[in-house]
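Visitor: Predicted coordinates and the sequence they were generated for:
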Amino acid sequence: MTEFLDAILAFPTVLFTVPLGVLLVYWLFVIAGILDVDILDLDGLLEGGSEAALEAADGIGEGVGEGGGDGADGNSATSGGLLQLLGLSGVPLTISLTTLTFVGWMASYLGMDAIEGGSKATWAAILVGAGALGLGLGAAALSARPLRKMLVSHLAPKRQAFVGELCTVTTLRVDLEFGQAEIEDGGAGLLVPIRCLEANVLTRGSKALIFKYDAHKETYLVTPVAEALT
C-alpha cells in the first residue's frame, strides 16, 4: 500500500492523481443530486452571461447592447474553437475531463512502473507525463464522438425573440396585472405571462401582438391585433 501511495504521489502521476481525486468527489455529488453534470459547460455559461448582458444593456441603449453582444460572442467562439480543436466539443466538459484524467493517470502510473529498474529520472518522467497527457486527450476525443450524437442540446429561444410575434390569449381578460397567452414555438406551444397597458376586449382565443418584453416583471406587453394594424 505504501509503494502504491508513493507511486501515485510521485511526478508525473501526481499531476493526474490530484484532479482525479477532485473529480471522484464531484461525481459523488452528481450521483447524490447536489451538482449538475454540466457545471463546467463553458459555452452555456458564456451564452447565459451574454444574454444577461444584453438584457441589462437594453435598458441603457441599443448601441451598448450590440457592443456587449459582439464581445460575448467572441469569447464564446474562442472557447468553442479550442474545444473543437481538441475534439471535445458537443459534450459536457466534466465528462471529457474525467476521461482525460483517468486515462492519463493510468498511463502515467503504468508507464512509470514499467521503466526498467524503476528509474525515476527526470527526463523519463517528463516523457511519460507528456505521453500520458496525449493518451488522455486522445481517449477523451474518441469517447466524445458517440456521446456527441446522444447528447444533442437544443437551445431554447431567448425571451426577446418573441417580440413581434402573435400570441393567443388563454385567459378571460388581459390587463396591467393579469393575463396569459400561448406562443407557437414549433412544438406544443409556450405559455407566457402577458400584460396590456390599455383598456381592451382581449379574452380567451383573441389574438394579440407582442411588442415588448419587460425584463423586470418577466412579462410580455401586448396589444390587440386590430389596434396594431391601425
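Guide: Yep, it's here.

Visitor: can you confirm residue 181 is in a strand?
Guide: Yes - Residue 181: assigned to a strand according to DSSP: H, G, I helix; E, B strand; the rest coil.

Visitor: What are the buried residues along stretch 98-116?
Guide: Using 16 or more other CB atoms under 10 Å as the test for burial, stretch 98-116 gives 98-109, 111-112. Every C-beta, even on glycine, is put in place using the N, C-alpha and C of the backbone.

Visitor: Show only the entries of those residues found in helices.
Guide: Residues of the buried residues of stretch 98-116 located in helices (DSSP state H): 98-109, 111-112.

Visitor: okay if I get these as a markdown table plus distance to residue 149?
Guide: A markdown table is the format used below for those (distance: CB to CB, whole Å):
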| residue | distance to residue 149 |
| --- | --- |
| 98 | 19 |
| 99 | 16 |
| 100 | 20 |
| 101 | 23 |
| 102 | 22 |
| 103 | 21 |
| 104 | 25 |
| 105 | 27 |
| 106 | 26 |
| 107 | 27 |
| 108 | 30 |
| 109 | 32 |
| 111 | 32 |
| 112 | 36 |
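
Visitor: Looking at this protein, which strand is longest?
Guide: strand 207-214 (DSSP state E).

Visitor: Quickly run through the sheet partners of that one, with directions.
Guide: Partners of strand 207-214 in the sheet, by DSSP bridges, are strand 166-169 (antiparallel), strand 219-224 (antiparallel).

Visitor: Could you check which helix or strand contains residue 26?
Guide: Element membership of residue 26 [criterion: DSSP states H and E] is helix 14-31.

Visitor: same for that helix, what does it pack against?
Guide: helix 93-114, helix 122-150 (3 or more CB pairs under 8 Å, 6 or more residues apart in numbering; DSSP states H and E).

Visitor: Tell me which residues of it come out buried.
Guide: 15, 16, 17, 19, 20, 23, 26.
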